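Engineer: Build the 3D model from these lines:
(3 chains)
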Amino acid sequence: MRKTIKEKILQQKKDSQFYVKMICEGQSSLSREVFGRLFLQYMCAKFLLEPEEITTDNFYEICQISAEKAAKRPHGELDAAEAASKCGGATTAMNKKILFLLAVNREYGINVTAEDSVRIDTFTQLCDCIYQKLEEKQV
Amino acid sequence: MYDVKKSIDVELNVQLVYTALIHEYAYEGPCRFGPPEALTQEFDLMNQAEIFKMWTQGYGGALSHIPGIHLLDPLYIKMSDEFFITEEEEQKLVDRVGKADIFIFTGMRGEGIMKEFAMRYHVPVAGEGMFASTIEHAVLNARGYESYAILDLPDAIRLLKALRTRKALARTKVLGVTRNNSHYSMGGQDAFISNDMVTKKLGVRFNYFSFHEFLDMMHVNEHGKNHTLPGRQVYNLTDKDMEEVKAWSKELTDGSVENDVQEHYIENSVKAAVLIQKLCEHFGCNAFTAVCPDGCATRRMNEEQFTFCFSHSLLNEMGIPSGCEYDLLGTLSIAALANLTGKAPYMGNTQPCIWRGKQVEGEFAGIGYIEDMDRTQNIYYSGHATPNRLIHGFDSEKTAYSLRPFTHSGWGATMRIDFSQFRGETITLMRFDPLCEKIMVAKGTVLGGFGYTTTGCSEGVYFEVADKYEYFHKQAKFGLHMPLVFGDHIEDVKMLGEVLGMEVVTA
Amino acid sequence: MSEQKRESMKQIEDDILADLLELEDQMSQYTFLVECGLELPEYPAALKKDEYLIHECQVNTWMHLEWIDDCLNWQGISDSLVICGALSLLMEIYNGRTREEIQNFHCSILEQPCFRVHFAQEQLKGLEYMVAKLYEHRLQSDCVHEQVAKADCECPFYK
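Structural biologist: Here you go, the predicted structure:
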């Protein structure tokens, strides 16, 4: 079981690195639409989700789905339990969102700021933000 | 028609403040633990911004939907792990002093900031969340500063409603139409010990007005001819006012289930309601009371052929607290209850029912035997000919009503509500005490009504209480009239007592 | 029939550490620990008693030790997912091992940076306590075992 888990995580890393490479190398020619599809795959790899498990455009809810899948908890239960117990009021899903954005900054060489982060409510907005940052980086 | 600045429209300005702790370095310790990536400054910046957003949208969003609550733009105050805030950050708070009625703080380790701010600027503060609420309230309360601890959203809503009521009372100015003295009347001996003291404690102001001048102003188009104010161009009713009187009277007549009052008598009563609003606009008043027995004894009301009953009903419905018998204490109790609950209170003589067999004492007041008297001793009544259609709420559907005359002669229009249709519903009654130091609040269950089909001051509601004797002996320290609204608002009144610094006596 | 040679406790420990190092970044290692924790066998509710509660742990953590056919059976659970992960790995090393194997093994996984970095000091103390308790249990059981063995020898029925 341990080996299976390790292989799964290594594959996820490999997959996400693959999409980072595709996006970064094809940056100049990628349309927003194609970028969106690739970035979705990248996000699924990071969150250990399948695309069909993404049932919402709400980015926080996507993080919740990922956290709940990891903790094997029913929808909504994780947030309620964690919000009550964590000192700062942050939830696992919120942490996931932030750690994801920090990983994006690191892996794509861009700078999504705290101000950008709070403006991102949906996956669509996230893609718009990253796409724009990548374009600015090119310039 | 007239622009009366109602106390129910007063808004409480609420300032949400989030203190964001941004660690400069990644480290763990007794208070900090987690995977390394979650300990960086970068992570903190995003994390705190996200928590702020969730708090203001969720918590703040819920508060902003409460009527009368106005949220100022939330403040995000950054603090490093050196645990102080810069002057620039502090200025954000200072700029809101004088604008916000209460500052609600949350955020890790922000208690010191909150404490200092409250002590330096003497503003009411509340702590929300795990640490903020208990830490800051204990330390500020002990030092005599105004502070509150908020447990959850319902708790916050209760607090804010009470604070808004306090602000509304401070913005209340009563037009008191009096005959002999400004302090009390024949019908309201159970008055405040000192009206000045009430101004000092609650901020309420009083505008005393002569009963005779008022009656003179009921004469249409006779400005300058008033006997009591010779030559002065004052505020007599005009033709334009009379258009409003006629339209309003017709509306009330058409809307009644039954009407036993002639058209001109209805108009006489409605004239008073219009004049009251006119005078309120002029003098900047937003509450009203007038003498009853004292005024009656002049015989002028018999001449003018109206009573104030209908005015009290109509004004209370409009959110202008209006009390009978020059009961200033009762009128302010109406104002408090209206603002606290969002309902139009009904004030009446509130007394226990006493009976032997089927013989009930006080039948002159319109009460009589009801079957529940065979089941329980704990029956009370409250009655005056001043009910209104919005005792369930200013936003509720208007209750059906009829119109009956107050007098045997047929004048003095009064609204009649059949309270028997509300059997089983809970009512809450409250009243301040004459020292303006305590509030009595009581709860009852409606059993039925009386006076719906009769004349006189004989309209009211029977209700069951927990213990009639306990109620009576507690009420005896407060006074006769106890304004009531539907619903259980005991906890709301207790919170009001806390913010006013008054003891709350419950029955 | 030849027996397949089983990996030693040291080999398993090294393998676990190799896996952690192969994952490289701390986020992946943390995820690995949590995922391993989710695969812990179910802990019987009847064993969630105060006598099995590890008071040295920050969060509620239970462990139950017993010997079955002279081999260790270590059951455990925690309210913290990452502690569950640590338990899962420790159990992989220790479960099914004899007293002699345990006696000859020095557990060093808790000392390795790639493992330690994912736990707070208090959490590590809790884990160290559990391992120490395991050794204490082995010793006590040793005494019992010897006594039983001695009793067997002295018992007239065995002669």
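Engineer: residues making contact with stretch B:215-229?
Structural biologist: B:210, B:212-213, B:231-239, B:241-242, B:271-272, B:275, B:279, B:300-301, B:304, B:306 (C-beta atoms under 8 Å, 6 or more residues apart in numbering or on different chains). Glycine gets a C-beta too; all of them are placed from N, C-alpha and C.
Engineer: Repeat the analysis, applying 6 Å as the threshold.
Structural biologist: B:212-213, B:231, B:233, B:235-237, B:242, B:271, B:275, B:300, B:304 (C-beta atoms under 6 Å, 6 or more residues apart in numbering or on different chains).
Engineer: Report the distance from it to the chain centre.
Structural biologist: Distance, stretch centre to chain centre, for stretch B:215-229: 33 Å (C-alpha atoms, centre = their mean, to the nearest Å).
Engineer: returning to that earlier point: TSV for the contacts of stretch B:215-229, including distance to B:Thr134, pLDDT and neighbour count?
Structural biologist: Below are these laid out as TSV (distance: C-beta to C-beta, whole Å; pLDDT from 0 to 100; neighbours: other C-beta atoms under 10 Å in any protein chain shown):
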residue	distance to B:Thr134	pLDDT	neighbour count
B:His212	58	96	17
B:Glu213	56	96	17
B:Gly231	66	87	9
B:Gln233	61	86	10
B:Tyr235	55	94	19
B:Asn236	60	95	20
B:Leu237	58	96	21
B:Met242	61	97	16
B:Lys271	57	97	26
B:Leu275	53	98	21
B:Arg300	61	92	16
B:Glu304	60	93	18
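Engineer: Check those residues against chain C and report the nearest one.
Structural biologist: B:Leu275 (71.0 Å; C-beta to the nearest C-beta).
Engineer: contacting residues around that closest one?
Structural biologist: Contact analysis of B:Leu275 by C-beta under 6 Å, 6+ apart lists B:217, B:237.
Engineer: So what's the gap between the helix or strand containing it and the chain middle?
Structural biologist: Following DSSP states H and E, the helix or strand that holds B:Leu275 is helix B:263-283. Chain-centre distance of helix B:263-283: 23 Å, with C-alpha atoms, centre = their mean.
Engineer: Equivalent analysis for stretch B:395-403, please.
Structural biologist: 20 Å.
Engineer: Could you list the buried residues of it?
Structural biologist: Neighbour counts over stretch B:395-403 (16 or more other C-beta atoms under 10 Å in any protein chain shown) mark B:399, B:401-403 as buried.
Engineer: Repeat that for stretch B:71-86.
Structural biologist: B:71, B:74-80, B:85.
Engineer: ok, residues contacting it?
Structural biologist: B:13-24, B:52, B:56, B:60, B:64, B:89, B:92, B:100, B:113.
Engineer: how close does the residue positioned nearest the centre of chain A sit to A:Phe123?
Structural biologist: Centroid-nearest residue in chain A: A:Met43, 4.2 Å away (criterion: C-alpha atoms, centre = their mean). For A:Met43, the distance to A:Phe123 equals 7 Å [C-beta to C-beta, to the nearest Å].
Engineer: likewise C:Cys84?
Structural biologist: 31 Å.
Engineer: cool, and B:Gly366?
Structural biologist: Note on B:Gly366: its distance to A:Phe123, by C-beta to C-beta, is 69 Å.
Engineer: which one among the buried residues of stretch B:395-403 gets closest to B:Glu267?
Structural biologist: Nearest to B:Glu267 among the buried residues of stretch B:395-403, counting by C-beta to C-beta, is B:Leu403 at 12.1 Å.
Engineer: just checking, what packs against the host helix or strand of the closest one?
Structural biologist: Here B:Leu403, judged by DSSP H and E, is contained in strand B:402-405. Helices and strands touching strand B:402-405, by 3 or more C-beta pairs under 6 Å, 6 or more residues apart in numbering or on different chains; DSSP states H and E, are strand B:413-416.
Engineer: distance between the strand it packs on and the chain's centre?
Structural biologist: 23 Å.
Engineer: swap in stretch B:82-91?
Structural biologist: On C-alpha atoms, centre = their mean, the centre of stretch B:82-91 falls 40 Å from that of its chain.
Engineer: Which residue would be the closest one in chain C to chain B?
Structural biologist: For chain C, C-beta to the nearest C-beta, closest residue to chain B: C:Ala120, 3.9 Å.
Engineer: Who are the contact partners of B:Asn259?
Structural biologist: Per C-beta under 6 Å, 6+ apart, neighbours of B:Asn259: B:253, B:403.
Engineer: quick one: it and B:Trp411, what's the gap?
Structural biologist: From B:Asn259 to B:Trp411 the distance is 14 Å (C-beta to C-beta).
Engineer: Name all residues that make contact with residue 48.
Structural biologist: Just so you know, I chose chain A. Contacts of A:Leu48 by C-beta under 6 Å, 6+ apart are A:Gln12.
Engineer: if you could check chain B rather than the one you did, that'd help
Structural biologist: By C-beta under 6 Å, 6+ apart, the contact set of B:Gln48 is B:Ala20.
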